[in-house]
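Asker: Sequence first, predicted coordinates after that:
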Amino acid sequence: MDYRRTYVKDLLASQPQTGVEAFGWVKTRRDSKGVSFVQLSDGSCFNDLQIVIDAGTLPDETLKLLTTGASVRFTGDLVASPGEGQSVELKATGAEIFGASDPTTYPLQKKGATMEFLREIAHLRVRGNTFGAVFRVRAQAAYAVHKFFYERGFHWVHTPIITASDCEGAGAMFAVSTLLEAIEDHSGETPQTLWKLHNQNPKSDFFGKPAFLTVSGQLEAETLAMGLTNVYTFGPTFRAENSNTARHLSEFWMIEPEMAFCSLEGDMKLAEEFLRYVIQYLLDNSSQDLDFFNKRIEPELLSTLEHVANSSFEHLTYSEAVKHLESSGESFEFPCTWGSDLQAEHERWLTEVKVGRPVILTDYPKDIKAFYMRQNEDGKTVRAMDVLAPRIGEIIGGSQREERLDVLESRIKEMGLPIEAYWWYLDLRRFGSAPHAGFGLGFERLLMYVTGMKNIRDVIPYHRTPGNAEF
Ligand code: 4AD
Ligand code: MG
């Protein structure tokens, strides 16, 4: 058996012919007079291959085992299908069953299973229509990401997963330690607390200093951009915040481009081009899967995606957005005032009610943003930009970086961050500093947007969230 063979996808696209074989899992089996029909799927595409088994063709003991979930190789002839929905079907002459599946206990058989139930059997859910489509789209989107950047001269860089620096400056991080007694019950503590614990402990820890799972590869990506000019990361990141929402994961994938000799304007241009490119790529290359999402998950998905791929994003400053929100006449759960972070309800109102498409917000108050963002002349705001999308809210967060050594140093001190830990980051401003900018796209947020799936736990194979690390 070779991995190079004809997949269901290829068979469905070919002309009638004799002597073919098809591998896959039985999705359903239906018997009528003198004939059995099996829907066979191998995950290569959305559609199944219909297998027609005339009575008497297969031995009884094989037929008995052809139940939902069984894995099998069929041999037979590909013939024109009289039925609707498929142009060819396979008239079986033989079948070899690799693994039977007891229909009385196979958990995926339940009709109308909820997303919550399917999440509990995440090791099997990929065999169904919805999750087959989700993970095919995820793979296509990842390919589109790399294609987009390679076509534009960006270098993919691999930044560390274990890090000693806290990029976002305030977030709770997961500790990585071999001093189990010291960190017991302290996962999710701030770096400052762990520094204290570390200093109290006479034994030195594995890395000789407190280490964490990274919340972002940005700072390290910046060092690479200051030599390679245009780079991007694409990898997992971790956040220990106790956010149990439909759009937060403790482990998620992020794509972070970083560009030397680039301002916030160039950064926003890239962000918009990037989102529209990936969406157009999926419209062109994942149409069967997107059709399914459009029919079963999110009614206006295709028209929305086509609209986004073909129209430019709205630009607003944070201050303008706050004015619109204040005069909106809506009664929000959290009132919106200048200086406070926008809540999901505010982001949704701006994108869904006010503008009706993605919005880029810029120039946020410096106190609600990270230390590395470039300060504006007003002393109050920074060159930050967030891309907000209807249904999802924040999908991209980015900024022009502070390239002035003195301004950056005083900002780090002002925010009470351990300046010693950032020596190498400050070196970039000492030796050949240059204006530069970048952003981070949450890959799963993008996938929610393009599939219409409502919960972020359903666009990653195995979700990690507070209280959950199954599989
Ligand atoms: O806005 P964030 O925190 O920005 C950064 O990490 C910067 N270092 C990026 C940069 O400038 N290079 O995160 C970026 C994006 C968010 O816009 C969101 O899409 C996603 O990452 N994100 C999450 N996705 C899932 N679960 C979470 N807990 C997320 N937190 C952020
Ligand atoms: Mg953000």
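Answerer: All right, it came through fine. Ligands and ions are numbered 1, 2, ... in the order given.

Asker: Please tell me I have it right and Gly69 contacts Leu108.
Answerer: Yes: at 6.5 Å, Gly69 counts as touching Leu108 under the criterion of CB atoms under 8 Å. Heads up, the C-betas are built off the backbone N, CA and C, glycines and all.

Asker: shared neighbours of the two, anything?
Answerer: Jointly contacting Gly69 and Leu108 under the rule CB atoms under 8 Å, 6 or more residues apart in numbering are Arg127.

Asker: residue farthest from the centroid of this structure?
Answerer: Going by CA atoms, centre = their mean, the residue of the chain most distant from its centre is Gly56, 48.4 Å out.

Asker: tell me which element it is part of?
Answerer: Counting by DSSP states H and E, no helix or strand carries Gly56.

Asker: May I ask you to name the longest strand in the chain?
Answerer: strand 17-32 (DSSP state E).

Asker: May I have the very next helix or strand once past that one as CSV, with CA atoms only?
Answerer: Moving toward the C-terminus from strand 17-32, the first helix or strand encountered (DSSP H and E) is strand 35-41. Taking Å, rounded to 0.1, in the frame of the first residue of the first chain, the C-alpha atoms of strand 35-41 are listed here in CSV:
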residue,chain,number,x,y,z
VAL,A,35,-28.6,-3.7,-3.2
SER,A,36,-26.6,-1.9,-0.5
PHE,A,37,-25.3,1.7,-0.7
VAL,A,38,-22.3,2.8,1.3
GLN,A,39,-21.1,6.4,1.5
LEU,A,40,-17.3,6.2,1.7
SER,A,41,-15.2,9.1,2.8
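
Asker: who does strand 35-41 touch, helix- and strand-wise?
Answerer: When contacts are defined as 3 or more CB pairs under 8 Å, 6 or more residues apart in numbering; DSSP states H and E, strand 35-41 sits against strand 17-32, strand 49-54, strand 71-80.

Asker: Could you save these as a markdown table and add columns showing mean neighbour count?
Answerer: Shown next, in a markdown table, are the helices and strands packed on strand 35-41 (neighbours: other CB atoms under 10 Å):
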| stretch | mean neighbour count |
| --- | --- |
| strand 17-32 | 16 |
| strand 49-54 | 20 |
| strand 71-80 | 18 |
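
Asker: Any idea which of these gets closest to ligand 1?
Answerer: Evaluated with CB to the nearest ligand atom, the helices and strands packed on strand 35-41 place strand 17-32 nearest to ligand 1, the distance being 31.0 Å.

Asker: Show residues contacting that closest one.
Answerer: The contact list for strand 17-32 (CB under 8 Å, 6+ apart) reads 5-6, 8, 11, 36-43, 48-49, 51, 66-78, 90, 101, 127.

Asker: What average pLDDT does it get?
Answerer: Strand 17-32 carries an average pLDDT of 96.

Asker: now stretch 268-275
Answerer: Stretch 268-275 comes out at a mean pLDDT of 98.

Asker: and what of stretch 102-116?
Answerer: Rounded mean pLDDT across stretch 102-116 is 90.

Asker: Contact residues of this protein facing ligand 1?
Answerer: Contacts of the chain with ligand 1, taken as CB under 6 Å from any ligand atom, map to 167-168, 216, 218, 239, 248-249, 252, 254, 256, 394-399, 438-440, 442, 444-445.

Asker: Mind checking which of the residues you listed land in strands?
Answerer: Short answer: the residues of the chain next to ligand 1 in strands (DSSP E) are 252, 254, 256, 394-399, 438-440, 442.

Asker: bridging residues for Lys50?
Answerer: Let me fix one detail, which is that residue 50 is Gln and not Lys. Here Gln50 sits in beta bridges with Gln39, going by DSSP bridges.

Asker: my read: it touches Pro82, true?
Answerer: No: the pair Gln50 and Pro82 fails to qualify as a contact (CB under 8 Å) at a distance of 10.6 Å.

Asker: Pull out the buried residues from stretch 357-369.
Answerer: The neighbour-count check on stretch 357-369 (16 or more other CB atoms under 10 Å) flags Pro358, Val359, Ile360, Leu361, Thr362, Asp363, Tyr364, Pro365, Lys366, Lys369 as buried.

Asker: Now render these as CSV, adding distance to Tyr422, pLDDT and secondary structure.
Answerer: As requested, the buried residues of stretch 357-369 are arranged in CSV below (distance: CB to CB, whole Å; pLDDT from 0 to 100; DSSP: H, G, I helix; E, B strand; the rest coil):
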residue, distance to Tyr422, pLDDT, secondary structure
Pro358, 33, 95, coil
Val359, 32, 97, strand
Ile360, 28, 98, strand
Leu361, 27, 98, strand
Thr362, 25, 98, strand
Asp363, 24, 98, strand
Tyr364, 22, 98, strand
Pro365, 22, 98, strand
Lys366, 17, 97, helix
Lys369, 17, 96, coil
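
Asker: Among the residues you listed, which one sits closest to ligand 1?
Answerer: For those, the nearest to ligand 1 is Lys369 (9.1 Å; CB to the nearest ligand atom).
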